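Student: no letters, just coordinates:
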Ligand SMILES: [Zn+2]
């Protein structure tokens, strides 16, 4: 007994970069793509088979998007402490389970989680596989492996990197390899190395990264690295990592080495892109906005050369921060790849589907609409080749098919706002004698600076007081 699904008469973009099929159809049998083309019929049918037809005229039929950089346990963090300190792991897990459904709803049928708290990502992956949670197919890292000079060791040394953090400090090769053994034993698909935050220094030596790469590969896990600068990327290439994250400032020599290595690069433009373009709408200081705009400029130089050199670029968003909420902007990475790397719309779709499937370890199974592959398919109202941004509009993502199953969502429930973890601010300004009794000035307070609703009330009171005095 089989379930047949015939998606009829749409524009089929198969994800491989090939020419779209006009008036094309896709036939799905159970979880597999059985046929693709213009004249397709269902069958041969067995007596108990079921058949569903979807009319896709005027629509685009394309592979589900894959996001190579989606931190499921970050919880839309507004501040670093929220990621590392305040939210319990139990609550982070529940929030992650909630958030992956939003990711799937937005048309993302595959994600790779490159690092986060404990083994929450591994648990979410298993929960999805067992059908406990509605979410995309998934691979996951554990905590970032970092040194005292790399990403995740940002608090004063008197605090250190707490167990609840998204990172784990390993300052010697022994510690690095021990952590990899521990993470592999606990079921990670990949190891995430956290080199220096901005790429201006090298938190790891090349030999250390080579040792981690060997250890990870010996244990059948993949390994990737946060690498923003040329030196970081050079080390990642020398250590034969599976793919590289960021690559913001790259010399021509590094670009040549990267191209020769055939290692894919995941630029992850969304986080700086959203902060630079939309940050001021939520009170991000203009200095921060300008810093990200400058970062994007240097990235654009590098990425145009990277693309011309033939490096495979894959799509990842750094979803999981307040600037990059779950299910909101995954498809904006395609727009940014076009703008900052000079890709065509068809190339950007390939980067977010076919070429990205390797981060799921399923490059032969998903990522394109090809006969024999698993049916992860989107039906989109409109043509993303004319305007790539339609993929960002939830109203245009009409149907999400995961493993041959049409997904059903309760949009009203998914759109509910959830609370965030509050910062422990105590008071937004000094309350001085002068202020209280001599009409001293209150600072011009931007309500949006405050992360705590109580504080916002307090700030409102201060402003009201200022206006009436
Ligand atoms: Zn990230």
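Tutor: Alright, I've got the coordinates. All values reported here derive from a predicted model rather than from experimental measurement. Numbers count the residues shown, from 1 in each chain.
Student: helix, strand, or coil at residue 181?
Tutor: Using DSSP: H, G, I helix; E, B strand; the rest coil, the structure places residue 181 in helix.
Student: count of neighbours near it?
Tutor: Residue 181: 14 surrounding residues under other Cβ atoms under 10 Å. Glycine gets a C-beta too; all of them are placed from N, C-alpha and C.
Student: isn't it up against residue 215?
Tutor: Yes. Between residue 181 and residue 215 there is a contact under Cβ atoms under 8 Å: 7.1 Å.
Student: which residues are in contact with each of these two?
Tutor: Here residue 181 and residue 215 have no joint contacts, going by Cβ atoms under 8 Å, 6 or more residues apart in numbering.
Student: can you give me the helices in the chain?
Tutor: In the chain, the helices defined using DSSP state H lie at 80-81, 89-105, 120-129, 173-185, 206-218, 230-238, 252-261, 270-278, 286-308, 332-341, 345-351, 411-414, 433-437, 453-468.
Student: mean confidence score for the fourth one?
Tutor: When pLDDT is averaged along helix 173-185, the result is 98.
Student: ditto for the longest one
Tutor: Predicted confidence along helix 286-308 averages 93 (mean pLDDT).
Student: just the buried positions in it, please.
Tutor: For helix 286-308, burial by neighbour count (16 or more other Cβ atoms under 10 Å) applies to 289, 292-293, 295-296, 299-300, 302-303, 305-307.
Student: and for residue 91, the neighbour number?
Tutor: So residue 91, with other Cβ under 10 Å, has 12 neighbours.
Student: oh, and call the first residue 50 from now on, that's how I've got it
Tutor: Renumbered: residue one is now 50, and that last one reads residue 140.
Student: and the pLDDT at it?
Tutor: With respect to pLDDT, residue 140 scores 91.
Student: re the thing from before, kindly reformat the buried residues of helix 335-357 as JSON lines containing distance to residue 148.
Tutor: JSON lines is the format used below for the buried residues of helix 335-357 (distance: Cβ to Cβ, whole Å):
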{"residue": "338", "distance to residue 148": "26"}
{"residue": "341", "distance to residue 148": "24"}
{"residue": "342", "distance to residue 148": "28"}
{"residue": "344", "distance to residue 148": "26"}
{"residue": "345", "distance to residue 148": "26"}
{"residue": "348", "distance to residue 148": "27"}
{"residue": "349", "distance to residue 148": "30"}
{"residue": "351", "distance to residue 148": "31"}
{"residue": "352", "distance to residue 148": "28"}
{"residue": "354", "distance to residue 148": "35"}
{"residue": "355", "distance to residue 148": "31"}
{"residue": "356", "distance to residue 148": "31"}
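Student: now, among the residues you listed, which is nearest to residue 482?
Tutor: If you rank the buried residues of helix 335-357 by distance to residue 482 using Cβ to Cβ, residue 338 comes first, at 37.1 Å.
Student: looking at it, the closest one is touching residue 331, isn't it?
Tutor: No. Counting by Cβ under 8 Å, residue 331 is not a contact partner of residue 338; they are 10.8 Å apart.
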